[in-house]
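> missing the sequence, but the structure's below:
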């Protein structure tokens, strides 16, 4: 899922996301949209779909990640999380119930449960305490959500989030307790918080077998292009990451031949397209030399062209995996993917 934190995937119009990238679902951020422009205003426009003119699916997180990333601006309680706005310092309380209400106002197709994202590294006792709190919040949030759904249409989906830091036993326990909520899908959170990538994969591998096979399983905040098939091989259906769009704006482009840092002098007179095997508008139209020129000149067009490419490249990987699964050739796909150049440094 391309990340559209503020109701926009940076650098692209919704039409480009539809016609060029062909994204089926994008992600928005409840914390940021709650603060600005406010969920009440967004609801007046028919939710995020109407406000940003996006006709396909939208997933919103709950603000739980900000509990971790903005740790200096919050206070954790059993009731919920007291935030200090990073914009003006105003105090706001997020609870499992209020974050459901905010996301219903945003009109999200898939909503995420409020959770606590444990920092890395975390001591076993702290990880246990955090996991237990996440489960209690999930129970409260699901109860409130189902009460709201008794008088509301259309129906949205609410996913609880498996936590447990980097302890496989806590992950499995958390998953087992959350499955009792009989949710329409489940997320695996608390990854990509500074741990080694191999450990992220290990925690996913420990968790996925504990989740229902007939429900979507979503790993939050991953990953590099070569990691996507590895997560799918472990039973993951959904992923999101700011990496393709953020790296694009900073001049890091992912290709079938490996990572291209476009500012490098070697591309100054390079007539080749960015990636000959990519179908995107950027690769069909422009040379590496032109892209380098735009980046060096600080032109806004570079961000658009680079983001178009990176997101298309990511989603083409996902489309290729989907086709391989349907054809029964995914093991061969995975073997080929493991032989491709890495996107890491």
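Okay, I see it. All values derive from a computational prediction rather than experimental measurement. Residues are numbered from 1 along each chain as shown.

> residue ranges of the helices in the stretch 51-200 of the chain, please?
Using DSSP state H, counting those that start in this stretch, the helices of the stretch 51-200 of the chain run over 64-69, 96-106, 124-149, 168-179, 197-207.

> Who are the packing partners of the second one?
Applying 3 or more Cβ pairs under 8 Å, 6 or more residues apart in numbering; DSSP states H and E, one finds that helix 96-106 makes contact with helix 30-35, helix 39-44, helix 47-52, strand 57-60, strand 110-112, helix 124-149. All C-beta atoms are positioned from the backbone trio N, CA, C, and that covers glycine.

> how much space is there between residue 203 and residue 308?
33 Å (Cβ to Cβ, to the nearest Å).

> Hmm, I typed the wrong one, I wanted residue 170.
Counting by Cβ to Cβ, the separation of residue 170 from residue 308 is 40 Å.

> Equivalent analysis for residue 104, please.
Residue 104 sits 32 Å away from residue 308, going by Cβ to Cβ.

> okay, these two: which has more neighbours?
Taking other Cβ atoms under 10 Å, residue 104 and residue 308 do not tie; residue 308 has more neighbours (23 against 19).

> which ones are touching the more buried one?
For residue 308, the contact set (Cβ atoms under 8 Å, 6 or more residues apart in numbering) comprises 12, 16, 20, 21, 280, 281, 282.

> What does it show for phi and psi?
Per-residue torsions, residue 308: phi -50, psi -50 (degrees, to the nearest 10).

> Looking at the helices and strands packed on helix 96-106, which one is packed in the most?
strand 110-112 (a mean of 25; mean count of other Cβ atoms under 10 Å).

> Give the partner strands of that strand in its sheet and their orientations.
In the sheet containing strand 110-112, its partner strands are strand 57-60 (parallel), strand 157-159 (parallel), by DSSP bridges.

> How far does it sit from its chain's centre?
The chain centroid and the centroid of strand 110-112 are separated by 12 Å under Cα atoms, centre = their mean, to the nearest Å.

> Make 499 the first number, not 1, from now on.
Okay, using 499 as the starting number, the last item reads as strand 608-610.

> can you list contacts of it?
Residues from elsewhere that reach strand 608-610 (Cβ under 8 Å, 6+ apart): 523, 528, 555-560, 562, 598, 601-602, 643, 654-657, 659, 683, 685.

> For it, what does the pLDDT average out to?
Mean per-residue pLDDT for strand 608-610: 98.

> I'd like the distance from stretch 832-843 to the chain centre, please.
Stretch 832-843 sits 21 Å away from the centroid of its parent chain (Cα atoms, centre = their mean).

> next one: stretch 647-655
24 Å.

> What about residue 536, how many residues nearby?
Counted with other Cβ under 10 Å, the neighbours of residue 536 add up to 13.

> how near is it to residue 549?
When distance is defined by Cβ to Cβ, residue 536 is 11 Å away from residue 549.

> what does residue 675 give?
In terms of Cβ to Cβ, residue 675 sits 36 Å off from residue 549.
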